[in-house]
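**Student:** build me a structure from this.
(one chain, ligands or ions: 1)
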Amino acid sequence: MKIGILGSGQLGRMLALAGRPLGLTFSFYDTPPNPPISDLGPYFNPDVDEDALSKFIDANDVFTYEFENFLPDLAQKVAEKKPFYPFVENLARSQDRGREKGLFTELDIPVPPYQIAQSQGDVQKAFETLGVPVVVKTTTMGYDGKGQAVVRDLSVADTIWEKFQTEVIIEQFVPFRRELSQVATRNKRGDIVFYPLVENFHHEGILRYTLAPAPGVSAELTVQAQNYVRRILEHLDYVGTCTLEMFETEDGLFANEMAARVHNSGHWTQDGAVTSQFENHLRAIMDWPLGKTDVRCDTAMINIIGELNNPLQVLEMPGTHLHLYDKSERPGRKLGHINVCADSQADLLKRIKDLQRFLPACAPALEA
Ligand code: AMP
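**Tutor:** You can find the predicted model right below:
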């Protein structure tokens, strides 16, 4: 079977790498195509061929995407002709933080108090109602901390509007204990598998590393997280892998954001779980049985950001696996990740510390 992927970044690369052993082949649609997929299948580029989209659709049996900041009508065009998962409606919803928070509220999933603002007056009103600190985010096109600001001073409403000049969501700042995420996969026949809750460490809005499983998670917290994600998946009749990012607070979990696709906080599953999030996404969209999500070892996923720093050196350390994306160095850019496995959480923490010297961009988060 042939899988068509909208997008050509590292998530597409890792989907293809997971799918080839299952006998699946891949092609990609993007403008311009990115290096991560250059050796993994043909790509279709509308900049050089005006029929690229129809050729891409004809060339494949089942479609998915790896980057959701696409024009929804592009996905719609594909979905009108061939199976496209997750559904287009999900794509539009997860592209808009306002609609996403509305969905969580509708499904009784706690979120931080928030308001949507479309003018300077709205921003002022939101600041007065919510108080400070607040987090201001563009409702669309934001990722990896782009298009956001933390505001601690009520008097900056006018400068905030000047800075964004587009619809924003203003959320109360959550004094969280830690950030957790729940990765899960649902297939067409409605089976759902859950990975364990993982703990995520961000710095400047970018995920630096993930600990899997998250240390010290109670059975109650696990059930709460799974219930929230189950509600979302069933409500949307979702097919594929999905991630819910949450804040753990003294009052339980608050949903922050949903990724309606494979996600960076699930990359540890490539080496630390029986079946990776990528393989399960493909099994789901093919309506094949889902793979087990059991943990094989305590695992940390550490992003390589900005600089590569001779990454092969990390292979000297026992239990490390290197995943490079074939991208050139640029500040803030995700170039690859390292999965480190250990037999105990104590050993894992020691190995993470040892890795610091290879990863200056991660140091602030690793020291936390
Ligand atoms: P997001 O793009 O919504 O995932 O936000 C990126 C990061 O900013 C999150 O992982 C948090 O570390 C932080 N953040 C976002 N929203 C809030 C909030 N309401 N309260 C506190 N921190 C937040």
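**Student:** show me what the helix ranked longest in the chain is packed against.
**Tutor:** Scanning the chain for the longest helix, with DSSP state H as the assignment, gives helix 219-236. For helix 219-236, the packing partners by 3 or more C-beta pairs under 8 Å, 6 or more residues apart in numbering; DSSP states H and E come out as helix 88-94, helix 97-106, strand 178-186, strand 192-194, strand 240-249, strand 252-259. For every residue, glycine as well, the C-beta is placed using N, CA and C.
**Student:** now that helix: buried residues?
**Tutor:** Within helix 219-236, the residues that count as buried by 16 or more other C-beta atoms under 10 Å are 221-222, 224-226, 228-233, 236.
**Student:** which of the residues you listed come close to the ligand?
**Tutor:** Among the buried residues of helix 219-236, no residue sits close to the ligand (C-beta under 6 Å from any ligand atom).
**Student:** farthest pair within these?
**Tutor:** The most widely separated members of those, counting by C-beta to C-beta, are 221 and 236 (23.3 Å).
**Student:** related to what we said a few turns ago, export the buried residues of helix 219-236 to TSV and tack on pLDDT and distance to residue 327?
**Tutor:** TSV is the format used below for those (pLDDT from 0 to 100; distance: C-beta to C-beta, whole Å):
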residue	pLDDT	distance to residue 327
221	96	36
222	97	35
224	97	37
225	98	32
226	98	34
228	98	33
229	98	30
230	98	35
231	97	36
232	95	31
233	95	31
236	92	32
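**Student:** re earlier: contacts for the longest helix of the chain next, please.
**Tutor:** Identification of contacts with helix 219-236 by C-beta atoms under 8 Å, 6 or more residues apart in numbering yields 86-87, 89-90, 93, 103-104, 107-109, 180, 182, 184, 186, 190, 192, 194, 196-197, 238, 242, 244, 246, 248, 252-253, 255, 258.
**Student:** list the contacts of the most centrally placed residue in the chain.
**Tutor:** Nearest to the geometric centre of the chain sits residue 263, at 3.0 Å (C-alpha atoms, centre = their mean). Residue 263 is in contact with 181, 183, 241, 243, 277, counting by C-beta under 8 Å, 6+ apart.
**Student:** tell me the secondary structure for residue 283?
**Tutor:** helix (DSSP: H, G, I helix; E, B strand; the rest coil).
**Student:** contacts only, for it.
**Tutor:** Applying C-beta under 8 Å, 6+ apart, the residues contacting residue 283 are 22, 185, 187, 275, 289-291.
**Student:** kindly reformat the helices and strands packed on helix 219-236 as a markdown table containing mean pLDDT, distance to residue 207 and mean neighbour count.
**Tutor:** Shown next, in a markdown table, are the helices and strands packed on helix 219-236 (pLDDT from 0 to 100; distance: least, C-beta to C-beta, whole Å; neighbours: other C-beta atoms under 10 Å):
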| stretch | mean pLDDT | distance to residue 207 | mean neighbour count |
| --- | --- | --- | --- |
| helix 88-94 | 69 | 17 | 20 |
| helix 97-106 | 93 | 17 | 18 |
| strand 178-186 | 98 | 9 | 25 |
| strand 192-194 | 98 | 20 | 18 |
| strand 240-249 | 97 | 9 | 24 |
| strand 252-259 | 95 | 11 | 21 |
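**Student:** who wins for proximity to the ligand among these?
**Tutor:** The closest of those to the ligand is strand 252-259. By C-beta to the nearest ligand atom, the value is 4.6 Å.
**Student:** what is the subsequent helix or strand relative to the closest one?
**Tutor:** helix 269-272 (DSSP states H and E).
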